[in-house]
Every structure is written in C-alpha cells, then in structure tokens.
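Chemist: Provided below are the primary sequence and the corresponding predicted coordinates.
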Amino acid sequence: MGSVLPFVLALTSGLAAQTTKVPSTLRHGSGLMDIPVAGVLAHRALTVTYSGFWARNETDVTTDLMGDITGTEPFAGGWNGDFAVAHGFFDLFEFGANIQSLGDAGDGGTLWGAFGRLSILSPQTQPIGLAVGGRYARSPDFGDGIEYAPNRLGRPDRRFRGQLGSRSMNTGFSLYAVAGWDLPGFSSAFLPEHDFSFTAGWGGGLFKEGGGLDWYTSGDSGGWFAGVAWNLDVAESRMVTFMTEYNGFDWNVGTQVDVSGVRLGAHVLGVNHSSPTTVYRSGKFGVSASVALCGSGLCKASLRDRPDPRVVVLPAAPPDTVVVTRVQAPPQPTGLAATICLSTGNSIDVLLTTAGDTLVGPSRTPLSELRPAVVLAGVYATNTEWFESGEPIAYGSGSYDRGDDEVGLDCEDIRRVGEHLGVPVFVGGAAVVRPEEIYVPVRPGVWQPYSLRPR
C-alpha cells in the first residue's frame, strides 16, 4: 500500500451538504408538532421557527381557587404566536430557547422558555433511537402576588395557578425520555421514496400535570405521549411530512413541506375535542414557518439525515461488430496492480502504469478521462471544516484526537461503526466498547487515525 500512496493522495471526494428530515415543532426545536423525537439536530445545524394558532371558542369557564368550574364568560380568542431557535452540537445535543407570549404585567408578562435534548442512540444509525431531555417555561406574572403556572398552550391563564387546593401544578420543568424507530416504506409505482418514523415516550410537567381538571382536559395518559410521521421524498431536496401525535392530552394532526431547508406547516390541535367547551378542550388551527441552516447554507431536505456514499459503476466499452480474418489481442498495459479500500467498505482494483496513469474497471479506462463526471465511490473528510481544523471526534463514551500520519488500510481488517458529520467512522480488529483507535477516510485508500484521549 505504501507505493499506492502518491496516487491516492491526489484523489478527492467532496462531502455533500448536510441533510435533515425531522420537522420543526411549534415551540421546542425539532420533533413533531408538540412532542420530542429521539434524534437531535446535526452538528452546527440551526432552526428558526415562528408558529401559532387561532383559538375560536366564543366563551370559556371561570374557576375558583380549587380549580372547580363556577360559571362562564366571554372569551377573547385570537392569534397565539410563538418564536423558537434551536441549535445542534456534535450530533449529540440540541439546545434552544423560545418566546411564547409577549405582554405587559397586566397580561401576565412575557413568557419565555428553554429546552434541550441529549441523544443516547440515534434512530438513523441504530435499530432503536433513545434520548432524554427537558423543557423549561416561565410562569405568568399578573402582579397580584399569586403564583401561577405555565400551561400546555403557552399562553398566560389566571385559572392555571401553581396551587389549586391540595393540587400542585409543577409545570415549570418538564423532563422526559423518548424512543424512536425509523422504518423504510413499501415499494409502489404511485408513491415517491418514503419512510415512517415512530415515537413514544414519557414525561412529567406539561406532559402530565393538569389531569383531572375538567376544563383543562377531557382525559390524560399520565405523562405518556406518542406520534408517527410519514416522510415522502417528493423531489431533490423537497420533502413532505404528514404527522399525528398524542401529547398526553390532545390528538394533533399536521403536515409540513420542506423545500431546501425552508419549511411551511399547517396543523390542527385537539382534534379529539368534538364539543368545544374551553380553549383547552377545543380544536385549534395553526400554521408554522421555519428555516433550517446547516453550516454556511440551507439544509437539504432528505429522508436520510446524512448523505449516503454514491456507488459509481464504470461504463463498459460499447460493443462493436467487426469481421476479421485474424484476431490479434491488443497489448496489455503494464504497471503495478493495487487494491484500494473505499469509505463504502468495499475495495477496488486499479493498475498504476509506468507512464503515471491510473487505469480502473475491466476495460482499463484511465481515471483522468472519467473525471469530473465519475469519481470513486464514498464520502470522505477532505475539505470538510471539522477535519481541516483538527477537531476531535466523539465516539461512544470517549473523545478521540487526530493523529499525525495518514495510513493505508485493508477493507478486510476494518469495519464501520458509525459516522461523524456525514463521514463514516471505522475501527479495526475485534469489537470493543472503547477502541484505542478509530479511522476516518480522507480520500480513497487514505485513512486518518484518531487516538482515544486519556480519561
């Protein structure tokens, strides 16, 4: 492999732009409409979302200090808007903040919040995804000395107090755990490429508190929530998602269209409330607009959260019909035969001629004649910002630092264990929980070792 190094150092394969398929929630970063999912935003990915809904009921109930209904009064409905920003870190964390309501002291003041999620297992690379996270919401303040609590609609409400009789409304912090499954769709001549994402989890706070209050909910699950999304890849960097969820109190349905990272959505909240009685027990129509940024540009909309290696099949020589009286085999090129390990985990045989040319394929086609339309398969780290700057790689429970020298590897001696920002990550030898060294493909046949940083 040492003699092949001068050749493979000249080969490059760019990294495609980051992609994303997880929709933007109404006010809590990535997820469905009101529930989280097991995945997180990609490293350095940023989403900015504005959403809201119209409350249509004409009257609502009044309550006493115990939370019991005492009568009805006209309800000032209208538009309820939210603004949220979320950011991904190292493909493991997602953090963000939101503004749920702007108002003065008489209206409950400005309500804001924060949220975060840690991915333990990614549903894109594991059979099952798993994440834990939390949400914080500021309590309304009407200036009357009473302690109020945030509610699931993100709007100030004098009825939802921190203490209703012997009942405490602990909705300021909402911790949760969530699992997810990504399943491929079925083949159909009438449908584009698609898949299904299933989500289920349990949480406290806003996912649980308020059960038993007739005006707040008609029933609750004790903190359990679930949802499913149908993701359709309708065109290049264009995707449509249909989703439904149960957030512990309401059934919600909605759809989102993603065109190259610009997202527009529509949703109906509380479709299970057939007879509107309060703002919580009524159907509400809403819309959302979001922008997803990856690196220096918009995120590509795709079913896969990371680009797949492109497998290139070299074209065979066109057949000719020739009548000859004597067949003379063309002279075979001479040179050094070599096997190169690609980042796809597959090997390719090449011939390095004495004239300095590189021949590939059964017809021994010069690689220089195939460029730029055809390149060797795989996704590589060269020209990526994180690789050129020497950033460490987080894998498993350890952190790995970049080594000094690039090496050549045999595909039979390594195996793929994951990826870092779209680039595959490999280890050598038998499976271990914390390998001492991992490898990242730099160019076809060239690998960069990363060593485990001491604890």
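Modeler: Structure's in. What do you need?
Chemist: break the protein into its domains for me.
Modeler: Following automatic domain parsing, one gets these domains for the chain: 1-16+307-314+334-455, 20-301.
Chemist: how about CSV for those domains, with mean neighbour count and mean pLDDT added?
Modeler: Every residue, glycine included, has its C-beta placed from N, CA and C. Shown next, in CSV, are those (neighbours: other C-beta atoms under 10 Å; pLDDT from 0 to 100):
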stretch, mean neighbour count, mean pLDDT
domain 1-16+307-314+334-455, 16, 74
domain 20-301, 19, 90
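Chemist: could you pull out the helices for the stretch 151-300 of the chain?
Modeler: Counting by DSSP state H, counting those that start in this stretch, the stretch 151-300 of the chain forms no helices at all.
Chemist: how about the strands in the stretch 301-450 of the chain?
Modeler: Using DSSP state E, counting those that start in this stretch, the strands found in the stretch 301-450 of the chain span residues 335-341, 347-353, 358-360, 365-366, 393-395, 398-402, 414-420, 423-428, 437-443, 446-452.
Chemist: quick one: contacts for the residue lying closest to Gly134 once chain neighbours are set aside?
Modeler: Excluding the flanking residues, the one nearest Gly134 by C-beta to C-beta, 6 or more residues apart in numbering is Leu175, at 4.6 Å. By C-beta atoms under 8 Å, 6 or more residues apart in numbering, the contact set of Leu175 is 132-134, 203-205.
Chemist: quick check: the farthest pair among those residues?
Modeler: Pairwise distances across those (C-beta to C-beta) peak at 13.7 Å, for the pair Val132 and Gly205.
Chemist: now the strands for the stretch 51-200 of the chain?
Modeler: So, for the stretch 51-200 of the chain - with DSSP E, counting those that start in this stretch - the strands run 59-63, 69-74, 78-89, 93-101, 111-121, 129-137, 163-164, 167-168, 173-184, 193-203.
Chemist: could the ones you listed be laid out in JSON lines, adding distance to Ala292?
Modeler: Listed next are these as JSON lines, based on distance: least, C-beta to C-beta, whole Å:
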{"stretch": "strand 59-63", "distance to Ala292": "36"}
{"stretch": "strand 69-74", "distance to Ala292": "40"}
{"stretch": "strand 78-89", "distance to Ala292": "9"}
{"stretch": "strand 93-101", "distance to Ala292": "12"}
{"stretch": "strand 111-121", "distance to Ala292": "16"}
{"stretch": "strand 129-137", "distance to Ala292": "19"}
{"stretch": "strand 163-164", "distance to Ala292": "40"}
{"stretch": "strand 167-168", "distance to Ala292": "38"}
{"stretch": "strand 173-184", "distance to Ala292": "18"}
{"stretch": "strand 193-203", "distance to Ala292": "17"}
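Chemist: for Arg281, which of the ones you listed is the nearest?
Modeler: strand 59-63 (9.6 Å).
Chemist: against which helices or strands is that closest one packed?
Modeler: Contact analysis of strand 59-63 by 3 or more C-beta pairs under 8 Å, 6 or more residues apart in numbering; DSSP states H and E lists strand 69-74 as its packing neighbours.
Chemist: could you check the angle strand 59-63 makes with the strand it packs on?
Modeler: Our comparison of strand 69-74 with strand 59-63, counting by axes from the mean of the first three to the mean of the last three C-alpha atoms, to 10 degrees, yields an angle of 150 degrees.
Chemist: next, report how far strand 69-74 is displaced from the centre of its chain.
Modeler: Centroid separation between strand 69-74 and its chain, computed with C-alpha atoms, centre = their mean, to the nearest Å, is 44 Å.
Chemist: counting by contacts, list what it packs against.
Modeler: With contacts taken as 3+ C-beta pairs under 8 Å, 6+ apart, strand 69-74 sits against strand 59-63.
Chemist: direction included, what does the strand it packs on pair against?
Modeler: Strand pairing for strand 59-63, determined by DSSP bridges: strand 69-74 (antiparallel).
Chemist: give me the contacts around the partner strand.
Modeler: 58-64, 214-215.
Chemist: rewinding a little: now the strands of the stretch 301-450 of the chain as a markdown table including distance to Phe89?
Modeler: Shown next, in a markdown table, are the strands of the stretch 301-450 of the chain (distance: least, C-beta to C-beta, whole Å):
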| stretch | distance to Phe89 |
| --- | --- |
| strand 335-341 | 31 |
| strand 347-353 | 35 |
| strand 358-360 | 40 |
| strand 365-366 | 44 |
| strand 393-395 | 10 |
| strand 398-402 | 14 |
| strand 414-420 | 13 |
| strand 423-428 | 17 |
| strand 437-443 | 19 |
| strand 446-452 | 19 |
